[in-house]
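1. Kindly generate the corresponding structure for this input.
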Amino acid sequence: MLIRATEAAELLQTDEKTVNKWVRKEGLPATLVNGRFQINRVDLLEWATDHGIKVPPELFVAAETDIRFPTLAEAFEAGGIHCNVGGSDKLTVLRNVVGLLKLPPQQDPEFLLQVLLAREALGTTAIGDGIAIPHVRNPILLNKPAPAITLCFLAQPVDFEALDGKPVKILFMLTSPTVKVHLHLLSKLAYALRDEGFKATLGRSCDPAGILEAARRFEREKTR
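-> Predicted coordinates:
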């Protein structure tokens, strides 16, 4: 849940001007909505704790109620599973993948693309075996209720300069409302990609229904 900068100031017993300064100069995560900063309560809690700022107990309680960790299948359903995504090079592929993301109106897709390309210039996001997880240095945090994993099967393999030399055929793009949910999803996805059954399903074909079922089966078996 997002709160206004004025509400954040009241919780931390300061003023809105100070909160705005924290956003602009000290890395407090915020979203600009109609010209005013809004802040996720979990992000406010994490940032304040990291910076040694006294946090009222009610913020801990409120933040915990805001966190819901989705299953893999829920994240795939929110982000979509897309077959035959076009592109013969990294730029075109990433542009097409960004075009498939369900971005909020205030998010500039071209800016997101440039950030992703800048990250790729620092080092490949291919993890091997024809899979890449394009990402920026910081998680892609969006003002949207549902965390999502957008899964794309490429129409043709594309060179992402993977360490194992294999061209990329499958991309996962994560978008989350908080860092904590992003890390949860990334950890869960990494775990699933080490599961032989789930990975075999990915390797057979672009089968959205089959992939969702494989994700559900993986999580059922993991919780036994």
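2. which helices and strands sit right next to whichever strand or helix holds residue 7?
-> Assigned by DSSP states H and E, residue 7 falls within helix 5-11. Using 3 or more C-beta pairs under 8 Å, 6 or more residues apart in numbering; DSSP states H and E as the contact test, the elements touching helix 5-11 are helix 16-25, strand 36-40. C-beta here means a position set from N, CA and C on the backbone, and glycine is covered the same way.
3. May I ask you to name the longest strand in this structure?
-> strand 148-158 (DSSP state E).
4. Show me which residues of that strand are buried.
-> 148, 149, 150, 151, 152, 153, 154, 155, 158 (16 or more other C-beta atoms under 10 Å).
5. got the contact list for that strand?
-> Residues from elsewhere that reach strand 148-158, judged by C-beta atoms under 8 Å, 6 or more residues apart in numbering: 72, 75-76, 78-90, 93, 96-97, 100-102, 130, 167-176, 185, 189, 206, 211.
6. partners of the helix or strand immediately after it in the chain, with directions?
-> Moving toward the C-terminus from strand 148-158, the next helix or strand (DSSP H and E) is strand 168-175. Here strand 168-175 is paired, per DSSP bridges, with strand 131-132 (parallel), strand 148-158 (antiparallel).
7. export the ones you listed to JSON lines and tack on distance to residue 216 and mean pLDDT?
-> Compiled in JSON lines, these are given as follows (distance: least, C-beta to C-beta, whole Å; pLDDT from 0 to 100):
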{"stretch": "strand 131-132", "distance to residue 216": "20", "mean pLDDT": "94"}
{"stretch": "strand 148-158", "distance to residue 216": "14", "mean pLDDT": "96"}
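8. Export the ones you listed as CSV, with columns for distance to residue 15.
-> Putting those into CSV (distance: least, C-beta to C-beta, whole Å) gives the following:
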stretch, distance to residue 15
strand 131-132, 45
strand 148-158, 36
